[in-house]
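Q: build the 3D model from these lines:
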Amino acid sequence: FSFFFLMIRRPPRSTLFPYTTLFRSDVVMAFSHNYLLIKQQVNMTEQRLRGRIEKRRREQGNGSLPNSEVFRGGVIDLGQVIGNNIDARLRLAQFSGNLSVYGQYGMGKSNLNQHIIPQIIRQGTHVNIFDIAVDYRDLLHIPGCSGLVLNPENERLNPLEPIGKPEEHLQFFWEITQQDFNLRPETQELLFNYTEELYRIFDVYRNEDPPTLINLKEFLKEKKLDSSTSVSDRGKIETALRKLDYILYSFGNMTNCARGFSLEMLDSFSFVSYEIGELSEEKRSWYTKLKLRQYYHQGSISNKRHQVKRIIAIDEAKGIFGKSRIGEATNYLKDMYTRSRSIGCYWIITDQFSSELVDFTRASACQISFQHTVPKEINQIATSMGFSATLKSEIPRIGRYRAFVKMTDFPHPFLIMTRKSDVKRHITDDELERLMQPKFAQLSQTTGKSQGSKRAKINAVSNRRSEEHTSELQSHSFISYAVFCLKKKTTTNKKNK
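A: Numbers count the residues shown, from 1 in each chain. Below you'll find the predicted structure:
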């Protein structure tokens with residue numbers, strides 16, 4: 001009937017007259033009107049029914065929701081499962097497989113971390129946070145979170161302080177310096193040899209205080225002036241001096257100490273947040289790798305292995321390590337992540353883009369994905385979390401504070417509504433300075449002092465030059481002085497005459 005109706009709506013002009021009366025009749029008009037109303041109602045009902053089916057599929061994941069047995073013994077609350085209103089809770093032991101969180105900016109990643117970190121602290125576990133958005137200082141207002149906030153202005157870290165064996169530490173130090181500050185391999189090898197020589201001058205192998213970067217800079221200047229140094233090596237030293245000046249200028253007094261804050265000192269606080277947002281990408285990466293090595297080595301020598309002792313939260317990992325630097329991360333850094341469970345050091349890694357963290361998230365026991373609209377990232381998330389085609393289509397439409405969860409203890413991904421953190425307001429810089437002042441006064445009593453007093457050891461290096469070279473330099477200086485005095489004396493005599 002509808003086909004006939006369509007034909008009579010626009011008939012040829014030559015045959016218009018015979019259908020005019022029929023088209024204008026009240027019977028046909030009433031029937032057509034009722035048909036359109038019925039069709040519209042059917043379409044609306046079909047859309048509502050389809051929306052309910054899709055919503056039900058989205059809530060139930062791949063057709064199944066976790067029950068209370070899945071979360072039995074859980075102490076870390078994530079939120080509420082959409083579909084059966086069960087609280088989604090993780091056992092602390094589940095963090096041994098690490099936790100990966102990704103999603104677009106403003107969808108709730110930092111809010112989730114701010115919600116679960118105080119719960120981890122209440123379980124007696126230390127938390128160390130690398131923060132580029134200055135969000136986690138606000139945890140100081142939450143009861144039980146007695147934390148310390150560090151930045152390049154108040155941090156104390158000697159990059160040359162050996163962590164583990166001195167040779168291994170030097171190798172690691174110059175390896176990450178080469179990666180993050182673009183040193184050539186031959187320059188790295190030369191600097192390694194010079195720094196090892198400086199270690200022996202400072203008796204580092206006998207547990208004496210190590211040199212600082214300023215001591216290294218002075219030592220390299222002496223080597224540059226040494227006549228036994230080749231022209232090629234002098235060029236490499238000049239390059240290294242520029243890099244050291246860049247690092248020292250960026251970090252200020254942070255690196256001018258014999259001993260940095262030890263983990264025993266920092267672990268007296270329930271959490272430590274490192275605010276590194278003001279640093280450039282290569283400095284963030286360099287600094288973070290040094291701190292991670294400290295955590296890893298401390299855990300590796302501990303007697304309490306296979307126990308949750310520390311959670312490391314890295315917020316916006318690509319912003320810290322950089323896209324290129326994640327791909328060029330050392331095997332040592334990847335081993336720190338994948339082997340962390342054996343030393344009780346576990347990770348929470350968040351980032352906007354999961355594809356940038358593919359080398360790090362493969363070992364994650366729990367993955368949480370917030371809303372994302374980039375097609376490449378949607379494909380990566382769906383593949384990593386085992387989404388069906390239906391769930392994959394829902395990733396761009398999850399909404400704020402909602403997230404898909406994939407756990408090793410449950411075969412299907414499911415949707416949760418995360419809870420709002422207990423953070424009430426943001427802590428300003430002035431307020432933070434007042435809160436940190438008594439804590440830094442406590443730390444400064446046990447921190448190594450400046451290495452300026454060890455200038456004598458650097459001077460001792462220059463005294464080891466050959467007598468011939470030393471006398472040559474001295475002779476040049478006396479000759480220059482004599483010529484100056486001679487000219488001055490001659491001029492004076494002329495004037496007197």
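
Q: any idea how far the residue nearest the centre of the chain lies from I348?
A: For the chain, the residue nearest the mean C-alpha position is A317 (3.3 Å; Cα atoms, centre = their mean). A317 sits at a distance of 10 Å from I348 (criterion: Cβ to Cβ, to the nearest Å). For every residue, glycine as well, the C-beta is placed using N, CA and C.

Q: with I314 instead?
A: As for I314, its distance to I348 is 7 Å (criterion: Cβ to Cβ).

Q: all strands of the protein, in order?
A: 76-81, 87-90, 99-102, 126-131, 147-150, 271-275, 310-314, 345-351, 366-369, 402-407, 414-418 (DSSP state E).

Q: in a markdown table: the ones you listed, plus distance to H115.
A: A markdown table is the format used below for the strands of the chain (distance: least, Cβ to Cβ, whole Å):
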| stretch | distance to H115 |
| --- | --- |
| strand 76-81 | 7 |
| strand 87-90 | 12 |
| strand 99-102 | 11 |
| strand 126-131 | 13 |
| strand 147-150 | 16 |
| strand 271-275 | 14 |
| strand 310-314 | 12 |
| strand 345-351 | 12 |
| strand 366-369 | 12 |
| strand 402-407 | 12 |
| strand 414-418 | 7 |
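
Q: and those, which one's lowest on average pLDDT?
A: For the strands of the chain, the weakest mean pLDDT is recorded on strand 345-351, namely a mean of 80.

Q: which parts of stretch 377-392 are buried?
A: Within stretch 377-392, the residues that count as buried by 16 or more other Cβ atoms under 10 Å are 377-378, 380-382, 384-385, 387, 391.

Q: what's the end-to-end length of it?
A: By Cα to Cα, to the nearest Å, the extent of stretch 377-392 from end to end equals 11 Å.

Q: low-confidence ranges in the stretch 301-450 of the chain?
A: Along the stretch 301-450 of the chain, segments meeting pLDDT under 70 span 301-308, 322-342, 353-363, 445-450.

Q: same thing but 50
A: Applying pLDDT under 50 to the stretch 301-450 of the chain flags the ranges 326-327, 329-330, 448-450.

Q: quick one, helices of it?
A: Listed in chain order, the helices of the stretch 301-450 of the chain (DSSP state H, counting those that start in this stretch) span 317-321, 323-327, 331-338, 358-361, 375-385, 389-394, 429-444.

Q: re earlier: which non-adjacent residue is nearest the residue nearest to the centre of the chain?
A: Nearest non-adjacent residue to A317, counting by Cβ to Cβ, 6 or more residues apart in numbering: D351, 4.5 Å away.

Q: I129 versus that neighbour, what's the distance?
A: 15 Å.

Q: before we move on, what about H115?
A: H115 is 14 Å from I129, by Cβ to Cβ.

Q: then F219?
A: Applying Cβ to Cβ to F219 and I129 gives a distance of 35 Å.

Q: again, but for I201
A: 37 Å.

Q: higher neighbour count, the two?
A: Each of I201 and I129 has its neighbours counted (other Cβ atoms under 10 Å); I129 has more, 23 against 17.

Q: is the more buried one bridged to anything, and to what?
A: Judged by DSSP bridges, the bridge partners of I129 are S273, A313.

Q: which ones are touching it?
A: 117, 136, 271-274, 312-315 (Cβ atoms under 8 Å, 6 or more residues apart in numbering).

Q: now do 10 Å
A: By Cβ atoms under 10 Å, 6 or more residues apart in numbering, the contact set of I129 is 113, 117, 135-137, 139, 147, 149, 271-275, 311-315, 348.

Q: over to S270?
A: Here S270 is in contact with 117-118, 120-122, 124-127, 139, 144-148 (criterion: Cβ under 10 Å, 6+ apart).

Q: out of these, which are buried?
A: By neighbour count, with 16+ other Cβ under 10 Å, those hold 117-118, 120-121, 125-127, 139, 145, 147-148 as buried.

Q: of the residues you listed, which is the nearest to G252?
A: Proximity of the buried ones among the contacts of S270 to G252 (Cβ to Cβ) peaks at L148, which lies at 18.6 Å.

Q: what's the nearest residue to that closest one if we skip its chain neighbours?
A: Using Cβ to Cβ, 6+ apart and skipping the chain neighbours, the partner closest in space to L148 is F269 (4.4 Å).

Q: against R137, how distant is C257?
A: Using Cβ to Cβ, we find C257 at a distance of 23 Å from R137.

Q: between these two, which is the more surrounded one?
A: Using other Cβ under 10 Å as the criterion, C257 and R137 rank with R137 on top: 23 against 20.

Q: hmm, that one is touching L432, no?
A: Yes. Here R137 reaches L432: they are 5.8 Å apart, a contact under Cβ atoms under 10 Å.
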